[in-house]
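A.B. asks: One predicted model, sequence on top.
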Amino acid sequence: MTVASTERQRIDAFLDALWLEKNLGENTLTAYRQDLLQVAVALAEQALTLTTADEGALARILGQRLESGAALRSVARLLSSVRRFYGYAEREGWIPRDPSRNLRNPRLGRALPHVLSETEIEALLAVPDGTRPLGLRDAAMLELMYACGLRVSELVNLEMRQVDLSADLVVVFGKGRKERLVPMGELAAERTAQYLRNARPQILGERTSAAVFVTGRGAAMTRQRFWQNIEHYARCAGITRTVSPHSLRHAFATHLLNHGADLRSVQLMLGHANLSTTEIYTHVAQARLKALHQRHHPRG
């Protein structure tokens, strides 16, 4: 079932306003669009539209998602998108009352991320072939992501002007284009310098690009391609668990805390707006210490 053009226009107007007010990134806006289009389709099946829906209709859509086995976080994100849309629709006078106002969030447990051990990280970082231009590029990307705790979008969108090798710093533009400075560390800085000096010119040839990490076509590396590269290198390293770009970000935060870093510093380097978001990594570190105690203490 298709979505009526008037529905799409309202969604577009909402997203334009959201971009202007909150300066959200393209990936976040795309997620909002997908959520709202899915709701519009589900409402059309009930002979309703986004502006004629009532609380019961929205509750049925959320309930159907849960019954179909959708993840709680996915349903919670959908509800968040719906609430933001209807808050805007009410302010604009499209609807007399926000029908999502009394909808309740599904109960979410606080899931702890699976964290790669330091041994697994070392094995992963050792896989790329540093004697080849693309291998040197991938080695630099892995090193930089682990050393700086970058999001994958932050890594692939890095431009040359954001890398300061003289100070071993990266200027990162995170969510909402918020800027933060993150130290690289000696190994990541050395590997990045090798790539920029020896590999990037060979990959680009006669072409030019503002992107730090480029492909054989001269374009910036994509998130999807980098994800595929990490999965490949994880298999080569003998890591059996699922590994994604975010795995390196999780490892960055947890390993820093394991080695005595304070939570506030980790928060700043991750670019978290709230300290509570970073606190999950203290639970990860505590869980690993508890497991270590149980394995090795005589009364564990």
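C.D. replies: Arrived safely. Just so we're clear, the structure is a prediction, and the values are computed from it rather than from any experiment.

A.B. asks: Which parts of this protein are strands?
C.D. replies: Assigned by DSSP state E, the strands in the chain fall at 163-164, 169-173, 179-183.

A.B. asks: Mean neighbour count, these: which tops it?
C.D. replies: A comparison of the strands of the chain by mean neighbour count, using mean count of other Cβ atoms under 10 Å, puts strand 169-173 on top with a mean of 19. All C-beta spots, glycine's among them, are computed from the backbone N, C-alpha and C.

A.B. asks: same for that one, what does it pack against?
C.D. replies: Strand 169-173 is packed against helix 133-148, strand 163-164, strand 179-183, with contacts defined by 3 or more Cβ pairs under 8 Å, 6 or more residues apart in numbering; DSSP states H and E.

A.B. asks: Mind putting the ones you listed into JSON lines with distance to H246?
C.D. replies: Putting the helices and strands packed on strand 169-173 into JSON lines (distance: least, Cβ to Cβ, whole Å) gives the following:
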{"stretch": "helix 133-148", "distance to H246": "10"}
{"stretch": "strand 163-164", "distance to H246": "22"}
{"stretch": "strand 179-183", "distance to H246": "16"}
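
A.B. asks: To E206, which of these lies closest?
C.D. replies: Among those, the nearest to E206 by Cβ to Cβ is helix 133-148 (15.0 Å).

A.B. asks: Could you tell me the least trusted of the helices and strands packed on strand 169-173?
C.D. replies: Among those, strand 179-183 carries the lowest mean pLDDT, a mean of 86.

A.B. asks: With R65 as the reference, measure out to L58.
C.D. replies: Distance, L58 to R65, using Cβ to Cβ, to the nearest Å: 11 Å.

A.B. asks: again, but for N229
C.D. replies: 33 Å.

A.B. asks: and if you look at V75?
C.D. replies: Counting by Cβ to Cβ - V75 and R65 are separated by 5 Å.

A.B. asks: repeat for I95
C.D. replies: Taking Cβ to Cβ as the measure, I95 falls 22 Å from R65.

A.B. asks: Looking at these two, which one has more neighbours?
C.D. replies: Taking neighbours as other Cβ atoms under 10 Å, I95 and R65 compare with R65 leading, 19 against 15.

A.B. asks: Now do the contacts for the more buried one.
C.D. replies: S74, V75, L78 (Cβ atoms under 8 Å, 6 or more residues apart in numbering).

A.B. asks: can you rerun that using 7 Å?
C.D. replies: Counting by Cβ atoms under 7 Å, 6 or more residues apart in numbering, R65 touches V75, L78.

A.B. asks: So what's the predicted local confidence for it?
C.D. replies: On the pLDDT scale, R65 is placed at 83.

A.B. asks: Find the residue closest to K175 in space, skipping its chain neighbours.
C.D. replies: G25 (6.0 Å; Cβ to Cβ, 6 or more residues apart in numbering).
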